[in-house]
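# got a predicted model here, sequence first, then my questions.
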Amino acid sequence: MDKNSNIYTFLFVGVMVIGIASILAFTSQTLKPMQKENVKNEKMQNILSTIGINVSREEAEGLYSKYIKEELALKIDGSVNESLNPFSEINLAKELKKDYKNQHFPLYVAEVESEKYYIIELRGVGLWDAIWGYISLKSDFNTINGVSFDHKGETAGLGAEITKDWFKESFVDEKVFNENGELVGITVLKGNNDPKNQDKNDHEVDAISGSTITGDGVTNMIKERLNNYLPYLEKLNIAQL
Amino acid sequence: MDKKNTKKPSFLFIGRSDEPILSKKNRKLLTDPLDDNNPITVQVLGICSALAITVQLKPAVVMTMSVIFVMACSNVIISVLRNLIPNRIRIIVFLVVISSLVALVDQFLKAYAYDVSKELSIFIGLIVTNCIVMGRLEAFALGNGVWKSFLDGIGNAIGYGIILIIVAFFRELFGAGTLWGIQVIPDFIYEEYGYVNNGFMLLSPMALITVGLIIWIQRSRNRTLIEEN
């Protein structure tokens, strides 16, 4: 057959594409369970790390069921949707794209040595792509116990530093509500007056130089996501009164 | 091509059957890209990934291994198919072969080496656009036997990887005081002598400068690389 003819070219392309597509589809299907398992364990690992429990990915599953006492899927009005599994059925990235009336937000309640912690999932945008994480609040629903951040494609050595311990530790013991009970969140701020972060009531942490936009992303992400939990918090307070 | 090379090829076009598997010529295919014809320092290809991936040693090593796999396989596949590929769409065929191999590497890393795949996530895509891979397919695999192409792919990938690893070694050592994520510069040097990690090493300009220094050292040692003028 003439190798330069159009028919040969089309035949070649057809065979090649079908062959390669089947190989890729087969591999992807075979490896999918393992990949899903990795993603799930990593999520558990991240949630646990906000309450100070650092485990390897393999051990995460056992400890998760030990410490996480409640998983709640909250509707936008603060009521709980019992029919939804917040861990596996809420994908915050997709949730935020929905009409706000149909949105659900996951809330994890952990108990460590009879101390109660509320863990909230975060998601926002950094400089290049999505950033996300978890924030755990102590039982007063105000003081931060720990945070965990991750990102898709922030600049290595700059924005990507938000995953480092020294940055995450600066959030610990900061408050998200001010004295008047208004939600202020935490501002990641450059050149603040408190670079050593000793003032835990200023709602500010020191930014990473060279990553202003990622830092602003973290600020917005915390405030916007916490805002979604205010209705639930109101109900909780009323119930306690 | 001269006349004796047109001899009928042996099974699967593996090469001329009268040639030993590691003849001097074949050995040269493997060793040439390490020094005299290094893809990064001599041909100045693949620079973008060399900047992006060399902040730490570990991703550099993983990137090297992935590139070795992708280059060896794609060179072999293209070499096997070299008499079948229609000339007009050869670049498209290269791209399809490389990107499917990269997709395979990515899938396997996600399943078996999840942490590594997270670190490499964007750089995995960089292999597709790595001009070294494309360049070797076009310049070598399309005109040579399977065994020779395999050696050529391995050789060039190692030549690329060596430079990545050297650059990453110095950037991680001076930039963060660690190697492979483990602290190697002891605490007392920081505390008693006031030593500070050079954060600039972590930014991409220092990768270029490090590559430049390597080129300088290589050229001062290897006279064959110096141009007449």
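Structure's in. What do you need?
# so which helix or strand takes in B:P59?
For B:P59, the enclosing helix or strand under DSSP states H and E is helix B:57-80.
# B:D35 is in contact with B:N222, isn't it?
Yes: using CB atoms under 8 Å, B:D35 is in contact with B:N222, at 6.3 Å. All C-beta spots, glycine's among them, are computed from the backbone N, C-alpha and C.
# ok, back up a step: show me what counts as buried in the helix holding B:P59.
By neighbour count with 16 or more other CB atoms under 10 Å in any protein chain shown, helix B:57-80 contains the buried residues B:57-64, B:66-80.
# count the neighbours of the closest residue to A:I20 other than its chain neighbours for me.
Excluding its sequence neighbours, the residue lying closest to A:I20 (CB to CB, 6 or more residues apart in numbering or on different chains) is B:S100, at 4.8 Å. For B:S100, the neighbour count with other CB atoms under 10 Å in any protein chain shown is 21.
# name the element B:S100 belongs to?
Here B:S100 is covered by helix B:90-112, with elements defined by DSSP H and E.
# buried stuff in that helix?
Using 16+ other CB under 10 Å as the burial criterion, the residues of helix B:90-112 that qualify are B:90, B:93-95, B:97-111.
# show the average pLDDT along that helix.
Taken as a whole, helix B:90-112 has an average pLDDT of 88.
# and A:L96, how far from A:D150?
As judged by CB to CB, to the nearest Å, A:L96 and A:D150 stand 16 Å apart.
# quick one, helices of chain B?
Taking DSSP state H as the test, the helices found in chain B are B:24-31, B:47-52, B:57-80, B:90-112, B:114-128, B:131-139, B:146-176, B:187-193, B:204-221.
# the helix holding B:P59 near chain A at all?
No: applying CB under 8 Å from any CB of the partner chain, one finds helix B:57-80 out of contact with chain A, separated by at least 9.0 Å.
# helices or strands up against that helix?
Helices and strands in packing contact with helix B:57-80 are listed as helix B:90-112, helix B:114-128, helix B:131-139, helix B:146-176; criterion 3 or more CB pairs under 8 Å, 6 or more residues apart in numbering or on different chains; DSSP states H and E.
# just name the most buried of those helices.
Between the helices and strands packed on helix B:57-80, helix B:146-176 has the highest mean count of neighbours, a mean of 23, where neighbours are mean count of other CB atoms under 10 Å in any protein chain shown.
# tell me which residues touch B:I91, please.
Taking CB atoms under 8 Å, 6 or more residues apart in numbering or on different chains, we find B:I91 in contact with B:M134, B:E138.
# any idea how far B:M71 is from it?
According to CB to CB, B:I91 stands 17 Å off from B:M71.
# ok, now A:R57?
Relative to B:M71, and taking CB to CB, A:R57 is found at 31 Å.
# same check on B:N130?
From B:N130 across to B:M71, the span is 9 Å (CB to CB).
# could you do A:Y232 as well?
If you measure A:Y232 against B:M71 using CB to CB, the figure is 54 Å.
# same deal with A:L96?
Taking CB to CB as the measure, A:L96 and B:M71 are separated by 41 Å.
# surely A:W132 is within a strand?
Yes: assigned with DSSP: H, G, I helix; E, B strand; the rest coil, A:W132 falls within a strand.
# looking at it now. What's its pLDDT?
Among the per-residue scores, A:W132 shows a pLDDT of 92.
# quickly list what it is bridged to.
Here A:W132 sits in beta bridges with A:R123, A:D150, going by DSSP bridges.
# that one and A:G124 touch, don't they?
Yes: with contact defined as CB under 8 Å, A:W132 and A:G124 form a contacting pair (7.3 Å).
# tell me which parts of chain A are close to chain B?
Close to chain B, as judged by CB under 8 Å from any CB, chain A has residues A:3-4, A:8-9, A:12-13, A:16-17, A:20, A:23-24, A:27-28, A:31, A:34-35, A:38, A:42, A:57, A:152-153, A:156-157.
# what residues does chain B put near chain A?
If contact is defined as CB under 8 Å from any CB, the residues of chain B in contact with chain A are B:52, B:55, B:84-89, B:92-93, B:96-97, B:100, B:103-104, B:107-108, B:110-112, B:114, B:121-122, B:175, B:199, B:202-203.
# try it again with 6 Å
Proximity of chain B to chain A is assessed by CB under 6 Å from any CB of the partner chain, with B:V55, B:P86, B:I89, B:S100, B:A103, B:L104, B:Q107, B:K110, B:A111, B:Y114, B:I122, B:L202 identified as the residues in range.
# pick out the most distant pair among the residues you listed.
Pairwise distances across those (CB to CB) peak at 46.3 Å, for the pair B:P86 and B:L202.
# how near is the residue of chain B most remote from its centre to A:P86?
Here chain B reaches farthest from its C-alpha mean at B:E192, the gap being 40.7 Å by CA atoms, centre = their mean. Distance from B:E192 to A:P86, counting by CB to CB: 51 Å.
# and the pLDDT at A:L241?
Note on A:L241: pLDDT of 52.
# does B:G159 touch B:P39 like I think?
Yes: in this structure B:G159 lies within contact range of B:P39 using CB atoms under 6 Å: 5.4 Å.
# pLDDT at B:G15, what is it?
According to the model, B:G15 scores 51 on pLDDT.
# that should have said A:A156, apologies.
Confidence score, pLDDT, at A:A156: 68.
# next: A:R123.
92.
# now it: how far from chain B?
Using CB to the nearest CB, to the nearest Å, one gets 17 Å for the distance from A:R123 to chain B.
# what's the burial count for that residue?
Close neighbours of A:R123, defined as other CB under 10 Å, add up to 16.
# same check on B:G181?
Residues lying near B:G181 (other CB under 10 Å) number 10.
# with adjacent residues omitted, what lies nearest to B:R136?
With sequence-adjacent residues excluded and distances taken as CB to CB, 6+ apart, B:R136 is closest to B:N156, at 5.4 Å.
# quick one: contacts for that neighbour?
Taking CB atoms under 6 Å, 6 or more residues apart in numbering or on different chains as the definition of contact, the neighbours of B:N156 are B:P33, B:P39, B:I132, B:R136.
# repeat for A:K168
A:V147.
# do that again at 7 Å, thanks
A:V147, A:S148, A:F149 (CB atoms under 7 Å, 6 or more residues apart in numbering or on different chains).
# same deal with A:L107?
Counted by CB under 7 Å, 6+ apart, A:L107 has contacts A:L72, A:L74, A:Y118, A:I120, A:Y229, A:Y232.
# what does the helix or strand hosting the second one contact?
Meaning A:L74. Secondary structure assigned from DSSP H and E places A:L74 in strand A:68-75. With CB under 7 Å, 6+ apart as the contact definition, strand A:68-75 has outside contacts at A:80-81, A:84, A:86-87, A:90, A:104-111, A:229, A:232.
# now with 10 Å?
A:44, A:47-48, A:51, A:79-90, A:101-112, A:116-120, A:228-229, A:231-232, A:235 (CB atoms under 10 Å, 6 or more residues apart in numbering or on different chains).
# I'd like the mean pLDDT over that strand, please.
Throughout strand A:68-75, pLDDT has a mean value of 87.
# remind me which residues of chain B are low pLDDT?
Screening chain B residue by residue with the criterion pLDDT under 70, one finds the ranges B:1-19, B:119-120, B:122-123, B:229.
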